[in-house]
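>>> Fold the following, please.
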Amino acid sequence: MDDPRESANVPQKVYDMVTERTQARIRRDCDTANTLRNTIDEAGYKIMIRSGSEILARKYRIRMRGIDAPELKMTYGKESKDALVKLIGEKSTRIYVYEQDQFGRYVGDIYCDSVFIQEQMLKNGHAWHFKNYDSRQEFSEWERKARAACQGLWALNNPKKPWDWRRDERNGRHITIKKLFAKVAWLGALLLGGRYLKVVSFLKGFI
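Got it, this is the predicted structure:
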């Protein structure tokens, strides 16, 4: 780690695993080295190559301030992710953090090679301006122009907003759980009443 503030906060256990992995690689013990690398990943750190040398990087969960992109399971979700990866993948980024949200993610503005990432995502139609949490007028203007030019997801017929999709997904899971409990309660009532023929019929429909 280049930043001394980050280096000082790395747990000793992670340092020890990095040292063990280096020794395993010297011995050409690939299995042990790979296992240790996976364990380091699970601890919230990642070994990366930079300028031909390995460095230890800490993993952070980041949310781009002011925009919301389609989820992967949504239409255009993969295209939006691919566009973001193309902009920042394996590159040095600068993040100006404003807050931490309820999910523990750092919310900030992201720059890569002096390019404002949210601007590019909006201008190319890869995301929505998240107006409920951000009132910057330039964001609304970038989205408006992308809509007018049918850029990215705006080429779709009435694309669904990601926050609406997530709400519907939550509601759908809630309804499914309620239906499951109702079926279980009915099964219990049938068993208690000894009506086994109806239970068999019910189980066939349930399965």
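>>> From now on I want contacts and neighbour counts done on CA atoms only, so please keep to that.
Fine.
>>> for Asp168, helix, strand, or coil?
Secondary structure, DSSP: H, G, I helix; E, B strand; the rest coil: Asp168 is helix.
>>> pLDDT at it, what is it?
pLDDT, Asp168: 92.
>>> Equivalent analysis for the one 5 residues further on, please.
The predicted local confidence for Arg173 comes out at a pLDDT of 70.
>>> so where's this structure uncertain?
1-6, 174-207 (pLDDT under 70).
>>> Mind jotting down where the strands sit in it?
45-50, 53-58, 62-64, 67-68, 93-100, 106-112, 115-116, 128-129 (DSSP state E).
>>> Just send the ones you listed back as a markdown table, with mean neighbour count and distance to Ala83 too.
Shown next, in a markdown table, are the strands of the chain (neighbours: other CA atoms under 10 Å; distance: least, CA to CA, whole Å):
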| stretch | mean neighbour count | distance to Ala83 |
| --- | --- | --- |
| strand 45-50 | 15 | 22 |
| strand 53-58 | 15 | 23 |
| strand 62-64 | 18 | 14 |
| strand 67-68 | 20 | 14 |
| strand 93-100 | 14 | 16 |
| strand 106-112 | 19 | 14 |
| strand 115-116 | 14 | 14 |
| strand 128-129 | 26 | 14 |
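>>> wait, which of those strands is closest to Lys81?
Of all the strands of the chain, strand 67-68 sits nearest to Lys81, with 11.6 Å by CA to CA.
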